Each structure stands twice: as C-alpha cells, then as structure tokens.
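K.L.:
whatever this is, show me its structure:
(one chain, ligands or ions: 1)
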Amino acid sequence: MEELPVYLKAQEVAEMLGKPENHIRRLAIINKIPGIRIEKIWRFDREKILRFIDIKHTAAIHEAGHAVMSVICEMDLIFVTVVPRKDTLGRCINKIPYTENETIKSKLMENSALVLLAGVTAEYILLNIDPMTNKRKEDLDKAREIFNSSNDGSGKERSDNATKIVWDTFMNPLVQKQTKAIAEALMKYNTLKGIQVREIIKACGTE
Ligand SMILES: [Zn+2]
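P.N.:
Presented below is the predicted three-dimensional model:
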C-alpha cells in the first residue's frame, strides 16, 4: 500500500527550522523551500522538508569545513554561506591579496588548496559522506589544478601531503567541535562574516 504524504503547516516547519512563520512562507514563495499553496494556506510535504534540512545540514558542514581551515591557515575570510545559488549549495570566500613575491604567492596557493580540500574532508569525517559520490568534486579538481600548476612534477607529492594535513586537522576533536558549531550557526543564520566565524571558534575554547 502506498503511503500518503504527511503535510505540515507553516508553523510546524517554522519550529523545525527555528525561523519565524512568515519567513517560511516567504521562502516557499520564492521556491527556497518546497511547499504547495492551496488557496491561501501553505502546506509542506514532511519528507521533502526533512530532505531539505538534511541537504542544508550537509552543505553547512561542508562550508564550515572550508571556513575552519581558512582560519587555521590565517587567511582573510570574508564570509561563508549556505544560501544556495544556481550551481552551488554554499560558498566560503577568502580575500587573496595580490603579491609579486613568489614565496608568499606559493604559500597562498598552498593554503587555498588546503581550504578546498577541507569541505569534503569535513563531510567525510563528520558525516561519513564519500567525496567521490557527492557533487563537491569540483573542489578536488580545483585543488589538483593548484598542485599541478608548478609543473615541476611535485604535484602528486604536494597533493598527498596536503590531503594528510587536512585529514589530521579534522581528526582533531577540537576542530570537529568548531566545525559543528559553525555549521549549527549556518543552519540558523545562513551567512556568517569572517569575524563571526572567528568568534565561534574562540567560544569553542582550547581542548
Ligand atoms: Zn566546497
């Protein structure tokens, strides 16, 4: 027998997402969350809402991974967000200063690669999601591009090295705690400025 979908009221979805009820309706109108309108009343398929929350949570852990690594690498983190765009579920933006200095330039590239690897690594370690099965493979491709850009044959070694650094970083319980705390804030506020990320990390204490 086919199971009938369970429908939720806007108020129930609002409670699940920790947002005001009118905000939920507004999001449904612009198709940011799955809902149907019958006359003036919104109804939400419970399964779709649960899936929506799950996708958003995975994106939050992924972006939080990028954000934590940015701070560890002392990069200039501008913001991190789980507001989806056409082709992405979120973004983490660092300002990369322009420099002619080759040593600084290569350090910045190396750090960018660590940040790129951090999203899928956080997903894998905290949620057990295999990087090759999700759509975040682009991060790995971009990181590979950075490693191969030096053209001196050291790409493989640098890539292995970076993968190990990021892995070890996210195996640290404190880093896991920081990543979860940032993901939680992203679930609630959608976007965090660099300074807010640093505050959350600070509030997690030191082991
Ligand atoms: Zn990513």
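
K.L.:
quick check, the residue in this structure closest to the ion?
P.N.:
Gly119 (3.5 Å; C-beta to the ion). Quick note: C-beta positions are derived from backbone N, CA and C, even for glycine.

K.L.:
for Ala10, grab the count of nearby residues.
P.N.:
20 (other C-beta atoms under 10 Å).

K.L.:
next, the contact list for the closest residue to the residue of the chain closest to the ion other than its chain neighbours, please.
P.N.:
Residue nearest to Gly119 in three dimensions, not counting chain neighbours: His62, with 4.3 Å by C-beta to C-beta, 6 or more residues apart in numbering. Neighbouring residues of His62 by C-beta atoms under 8 Å, 6 or more residues apart in numbering: Leu89, Gly90, Gly119, Val120, Ala122, Glu123, Arg136.

K.L.:
one step back: which of the helices or strands spans the residue of the chain closest to the ion?
P.N.:
helix 102-127 (DSSP states H and E).

K.L.:
can you list the buried residues in that helix?
P.N.:
108-126 (16 or more other C-beta atoms under 10 Å).

K.L.:
packing partners for that helix?
P.N.:
Counting contacts by 3 or more C-beta pairs under 8 Å, 6 or more residues apart in numbering; DSSP states H and E, helix 102-127 packs against helix 46-72, strand 91-95, helix 137-148, helix 155-171, helix 173-189.
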